[in-house]
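1. the following comprises the amino acid sequence and a computationally predicted model.
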Amino acid sequence: MCGIVGIVSAEPANQQVYDSLLLLQHRGQDSTGIATADDATFHMHKARGMVREAFRTRDMRSLLGNVGIGHVRYTTKGDAANERESQPFYVNAPYGITLVHNGNLTNVRELSDDLFHIDRRHMNSSSDTEMLVNVLATELEGQIRGLELTPDQVFDAVGQVHERVEGSYAAIAMIAGHGLLAFRDPFGIRPLIIGRREGKRGRVDWVVTSESLVLEAAGYEVVRDVDPGEAIFITQGGEFYSKQCARNPRLIPCSFEYVYLARPDSVMNGISVYEARLRLGDRLASTVEKYAPIGDIDVVMPIPDSSRPAAMQVARKLGIEYREGFYKNRYIGRTFIMPGQAQRKKSVRQKLNTMSSEFKGKNILIVDDSIVRGTTAREIVEMARAAGAHQVTFTSAAPPVRYPHVYGINMPSRKELVASGRSIPEVAREIGADNMIYQEVEDMKAAILEGQSQVTDLEMSCFTGEYITGTVTPEYLEWVEATQLS
């Protein structure tokens, strides 16, 4: 889970990319970077930390040109503390390419061998994004015919990337002197959307980014989502080209985008994230009715902010009072994406504070968007009891997370997942709740997909153990777990 953006404009791109990254900050807080193109010259700045901390006035002034890409990083592979892992990544041939990437490649072992022994390319980091830009560069070099680089040559190269690369990837690249390239994996696991607006001097400005809220904030109209397997090429002069580059594309986006990752004011693949979360609340309420004595629950409370729509619907449907018992410090990062368990535990207390008057002597039903490691849930239950709650029922708008997620979310180890190998009552005891209620898998799927026909299936591997790319084996999962924990 990272946030990416690419802009081709009649005006300088630096401030536009920066503003877009501020809106995508929820997708990653480990590091950030911007690269711009001034004709055939690249300018780049990247640093650890959040966007507002990383760029000073002198950095922005050095980012010249009307084409730019940007990235906010949430570490899923590599070292979060190593600035060499920060994006964008750059290779100098052919032409010069800079690239940002959201996702996770699942055949990095094979790619590493091929890049070194066959393509004769050297990696300076353990980042799969560096692998991706080198695969793209190799395939683009093999497609160049004559003196001019054409869109068809670019698209043929992306087609070869699809043949070599496995996993999830939404990527945006700049090719020096030519323009901006964006492409999405053949399953469309990670999001990517296109916008346009009328620019200055009669030109059209273009943006490609992770979430639609970027378009709305900057006055772009939504053109459409990038199709799975599709590539978009926009010249430095603003000419737009597109082509389907995959053999058998299928749209199967990640369910976790709708449950937790995306901002509620975004629309992804034609589905409103906010409305999907409301429907998740409706479905969860029906499950709560089955498994909990409703008359014993005094109030429904959300864990702010992403669970609030679901909690409101649970309260409305059950006819129980909705109350805000937890106050959120908005200057602390999202605890789920903190890099370490100890850091997550510390940040829960820094991020949330209880209002004791809402808890004393009451039976509380807490709604969270999901429970992954259980660290946050355990701390929240302890805080509710310390504030005077009589009983605590903990509910999750998502099903139990029992399996590793290998497509761009940091859930590599089954040992870290509180629901892995445990029954639901055992999870309740583990987090200290009196009762634990999860969303059903089919209810989650139905809630997200309801009311539209564009998306007919979802990537739900962390809930079901079924990996849609088809090459994620038990041996691979063991290797991922061993390398992440070593």
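-> Perfect, thanks for sending it.

2. burial count for the nearest residue to H122 once chain neighbours are set aside?
-> In space, H122 comes closest to F116 once its chain neighbours are excluded; the distance is 7.2 Å by Cβ to Cβ, 6 or more residues apart in numbering. In this view, the C-beta of every residue, glycine as well, is placed from N, C-alpha and C. Applying other Cβ atoms under 10 Å, we find 12 residues neighbouring F116.

3. one more: D39?
-> Using other Cβ under 10 Å: D39 sits among 11 other residues.

4. need the strands for the stretch 101-250 of the chain, in chain order.
-> Along the stretch 101-250 of the chain, the stretches classed as strands by DSSP state E, counting those that start in this stretch are 167-175, 179-184, 193-198, 204-209, 221-225, 230-235, 240-244.

5. distance between the third one and the chain's centre?
-> Going by Cα atoms, centre = their mean, to the nearest Å, the spacing between the C-alpha centre of strand 193-198 and its chain's C-alpha centre is 21 Å.

6. which stretches of this structure have low pLDDT?
-> Within the chain, the ranges that satisfy pLDDT under 70 run 76-83, 330-349, 412, 484-486.

7. how about the spatially closest residue to E216 that is not a sequence neighbour, what does it touch?
-> Nearest non-adjacent residue to E216, counting by Cβ to Cβ, 6+ apart: D265, 7.7 Å away. By Cβ atoms under 8 Å, 6 or more residues apart in numbering, D265 lies in contact with L213, E216, V273, Y274.

8. does D265 count as helix, strand or coil?
-> When classified by DSSP: H, G, I helix; E, B strand; the rest coil, D265 comes out as coil.

9. how is the chain carved up into domains?
-> 3-251, 271-485 (automatic domain parsing).

10. and those: which comes nearest Y258?
-> Among these, the nearest to Y258 by Cβ to Cβ is domain 271-485 (4.5 Å).

11. N107 reaches E163, doesn't it?
-> No - checked against Cβ atoms under 8 Å, the pair N107 and E163 is beyond contact range at 11.4 Å.

12. more neighbours: which of those two?
-> Applying other Cβ under 10 Å to N107 and E163 shows that N107 carries more neighbours, namely 18 against 13.

13. separation between the more buried one and V72?
-> Counting by Cβ to Cβ, to the nearest Å, the gap from N107 to V72 is 25 Å.

14. E163 now?
-> Note on E163: its distance to V72, by Cβ to Cβ, is 29 Å.

15. and the contacts of whichever strand or helix holds Q313?
-> Using DSSP states H and E, Q313 sits in helix 308-318. Residues outside helix 308-318 that contact it (Cβ under 8 Å, 6+ apart): 264, 274, 277-282, 284-286, 288-289, 294, 297, 300-302, 320-322, 365, 367, 369, 395, 397.

16. only alpha carbons, please: show it as PDB.
-> C-alpha atoms of helix 308-318 as PDB (Å, rounded to 0.1, in the frame of the first residue of the first chain):
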ATOM      1  CA  ARG A 308     -17.100   5.300  11.600                       C
ATOM      2  CA  PRO A 309     -19.400   4.700   8.500                       C
ATOM      3  CA  ALA A 310     -19.800   1.100   9.400                       C
ATOM      4  CA  ALA A 311     -20.400   1.900  13.100                       C
ATOM      5  CA  MET A 312     -23.100   4.400  12.300                       C
ATOM      6  CA  GLN A 313     -25.000   1.900  10.200                       C
ATOM      7  CA  VAL A 314     -24.700  -0.800  12.900                       C
ATOM      8  CA  ALA A 315     -26.200   1.600  15.500                       C
ATOM      9  CA  ARG A 316     -28.900   2.700  13.100                       C
ATOM     10  CA  LYS A 317     -30.000  -0.800  12.100                       C
ATOM     11  CA  LEU A 318     -29.900  -2.200  15.600                       C
END
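
17. so what's the nearest residue to D185 once chain neighbours are set aside bridging to?
-> Sequence neighbours aside, Y169 is the residue nearest to D185 in space, at 4.8 Å (criterion: Cβ to Cβ, 6+ apart). Per DSSP bridges, residues listed as beta-bridge partners of Y169: G103.

18. tell me which of the domains of the chain sits nearest to Y260.
-> Nearest of these (Cβ to Cβ): domain 271-485, 4.7 Å.

19. check the offset of that closest one from the chain's centre.
-> Computed by Cα atoms, centre = their mean, the separation of domain 271-485 from the middle of its chain amounts to 17 Å.

20. show me what counts as buried in the biggest helix by length in the chain.
-> Counting by DSSP state H, the longest helix found in the chain is helix 273-291. Under the neighbour-count criterion of 16 or more other Cβ atoms under 10 Å, helix 273-291 has 273-285, 287-288 buried.

21. closest one of the residues you listed to Q391?
-> Nearest to Q391 among the buried residues of helix 273-291 is V288, at 14.0 Å by Cβ to Cβ.

22. what's the neighbour count on the nearest residue to the closest one once chain neighbours are set aside?
-> Setting aside the residues directly before and after it, V288 is nearest to I437 in space (Cβ to Cβ, 6+ apart), at 5.5 Å. Number of residues near I437 (other Cβ under 10 Å) recorded here: 20.

23. my guess is I437 meets T287, correct?
-> Yes - using Cβ under 8 Å, I437 makes contact with T287 at a distance of 6.1 Å.

24. tell me which residues touch the residue nearest to D185, please.
-> H101, N102, G103, N104, L105, L132, F183, R184, D185, R190.

25. do the same with D205
-> For D205, the contacting residues are I7, V8, S9, A10, E11, R196, R197, E198, G199, Y220, G238, by Cβ under 8 Å, 6+ apart.

26. tell me how many other residues surround the closest residue to it other than its chain neighbours.
-> Sequence neighbours aside, G199 is the residue nearest to D205 in space, at 3.9 Å (criterion: Cβ to Cβ, 6+ apart). The number of residues packed near G199 is 16, by other Cβ under 10 Å.

27. contacting residues for G199?
-> Counting by Cβ under 8 Å, 6+ apart, G199 has contacts S9, A10, E11, D205, G238.

28. likewise Y241?
-> By Cβ under 8 Å, 6+ apart, Y241 lies in contact with P151, F155, I232, F233, I234, T235.

29. I figured the first one hits I234, correct?
-> No - counting by Cβ under 8 Å, I234 is not a contact partner of P151; they are 9.6 Å apart.

30. between these two, who's got more neighbours?
-> Legend: neighbour count by other Cβ under 10 Å for P151 and I234, higher for I234 (26 against 20).
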